[in-house]
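Student: Below: sequence and its predicted model.
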Amino acid sequence: MFDGLHRGHQAVIQQAVDAAKEENGVVAVLTFWPHPSVLFRPQDVTRIIMTPAVKAHVLNRLGVSALITEPFTPEFAALPAEKFLPMLQHNLPRLKVVYVGENWRFGRGRMGDVGLLKQSAKGSGLNVVSVPRVRNEDEAISSTAIRSLLEKGEIERANQMLGYEYFADGTVVPGKGLGRKIGFPTLNLNWVPDLRPRFGVYAVKVRKEDGSPSLPGVANYGLRPTVEDTTEPRLEVHLLTDCPYGPGEELTVEFHAFLRGEQQFSGVIELEKQIARDRVTAASILAGA
């Protein structure tokens, strides 16, 4: 799935990109959609860190020239492992090298491993490169582990595994103006993640894709129980500087640290006091980021 495009994924991709530059080749990433759990566990579908559009954008930044997305259908899931490499060669006749992680499994029932892949490649003109698994300290890096960390609000550990700051892309939309009334104006983003990170307050940096500097801020992702009765979470960002952004602008919000869980205050005055404290905490954290 390459979900999250974490450091383990990046290690595999980087080796392919480096080799392609030396040989004037082209790097393509093969993934699939939807997640296999949609087919195998429809009652308990795995929530996804990255949308396909965001994944494609990040892969492009990593130097990947093409993204091949195979529909994960019952027919594809039933493909025997020993027929996987011939299928690739049939569809990609100029294929030269296949790069995979050392723990990668494939084929019906996940019966295929790197050993089988290398055995299948013998005599085919293909080379198979197995990239060692990347670890974060003593912990294996995986999309599953990162999902769990995000849901628990352990954003700094998640970022270590990702190799970059977890981020939200969205368009600024008009809000109700309550933040401005209490002295803490906010930017409201129309961000609807499949995998919801823990509701709460985060130290963040906000940027545009035009290369302009990132701006520090405090973000709340959640239901805003002190001021609203809703079941739909929203991402709101209060900048620690003057705000140069307005409705309709496309922004990226990078999550640097989790400050506290979302809570309901006795009223707006208590909320104001806590936001002021959050500003101080976020400024201290982001000063070194």
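Tutor: Yep, that arrived.
Student: From Ala16, how far out is Ser65?
Tutor: Going from Ser65 to Ala16 by Cβ to Cβ, to the nearest Å gives 10 Å. Just so you know, the C-beta spots here come from the backbone N, C-alpha and C atoms, and that holds for glycine as well.
Student: Show me which of these two is the more surrounded one.
Tutor: Neighbours around Ser65 and Ala16, counted as other Cβ atoms under 10 Å, are more numerous at Ala16. The numbers are 23 against 13.
Student: what residues are up against Gly25?
Tutor: 19, 96 (Cβ atoms under 8 Å, 6 or more residues apart in numbering).
Student: How much space separates it from His9?
Tutor: For Gly25 relative to His9 (Cβ to Cβ), the value is 19 Å.
Student: can you give me the helices for the stretch 101-250 of the chain?
Tutor: Along the stretch 101-250 of the chain, counting by DSSP state H, counting those that start in this stretch, helices occupy 114-121, 143-152, 155-162, 178-181.
Student: Buried ones in the third one, by neighbour count?
Tutor: Within helix 155-162, the residues that qualify as buried are 155, 157-162, counting by 16 or more other Cβ atoms under 10 Å.
Student: joint contacts of Ser65 and Ala16?
Tutor: Common contact partners of Ser65 and Ala16 (Cβ under 8 Å, 6+ apart): Val27.
Student: hang on, the earlier thing: got JSON lines for the buried residues of helix 155-162, with pLDDT and distance to Gly288 too?
Tutor: Formatted as JSON lines, those follow (pLDDT from 0 to 100; distance: Cβ to Cβ, whole Å):
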{"residue": "Ile155", "pLDDT": "98", "distance to Gly288": "16"}
{"residue": "Arg157", "pLDDT": "97", "distance to Gly288": "17"}
{"residue": "Ala158", "pLDDT": "98", "distance to Gly288": "19"}
{"residue": "Asn159", "pLDDT": "98", "distance to Gly288": "14"}
{"residue": "Gln160", "pLDDT": "97", "distance to Gly288": "16"}
{"residue": "Met161", "pLDDT": "98", "distance to Gly288": "20"}
{"residue": "Leu162", "pLDDT": "98", "distance to Gly288": "19"}
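Student: Test my guess that Phe2 contacts Lys55.
Tutor: Yes: checked against Cβ atoms under 8 Å, the pair Phe2 and Lys55 is within contact range at 6.4 Å.
Student: what's the overlap in contacts for the two?
Tutor: Counting by Cβ under 8 Å, 6+ apart, the contacts common to Phe2 and Lys55 are Thr31.
Student: re the thing from before, which two from the buried residues of helix 155-162 end up farthest apart in space?
Tutor: The span of the buried residues of helix 155-162, defined through Cβ to Cβ, is set by Ile155 and Met161 at 10.8 Å.
Student: Give me the common contacts of the two.
Tutor: With Cβ under 8 Å, 6+ apart as the test, Ile155 and Met161 both reach Leu149.
Student: Tell me where the model's unsure across the protein.
Tutor: For the chain, the stretches with pLDDT under 70 are 176-183, 225-229, 289.
Student: Quickly list the domain ranges of it.
Tutor: As recorded under automatic domain parsing, the domains making up the chain are 7-140, 165-286.
Student: how far does the shortest one sit from the chain's center?
Tutor: On the basis of Cα atoms, centre = their mean, to the nearest Å, domain 165-286 sits 19 Å off its chain's mean C-alpha point.
Student: circling back: pick the most deeply packed of the helices of the stretch 101-250 of the chain.
Tutor: For the helices of the stretch 101-250 of the chain, the largest average neighbour count (mean count of other Cβ atoms under 10 Å) is found in helix 155-162, namely a mean of 21.
Student: Now tell me what touches that one from outside.
Tutor: With Cβ under 8 Å, 6+ apart, helix 155-162 has contacts from 4-7, 136, 139, 141-142, 145-146, 149-150, 165-166, 197, 202, 255-258.
Student: 7 Å - rerun?
Tutor: 4, 6-7, 136, 141, 145-146, 149-150, 165-166, 202, 255, 257-258 (Cβ atoms under 7 Å, 6 or more residues apart in numbering).
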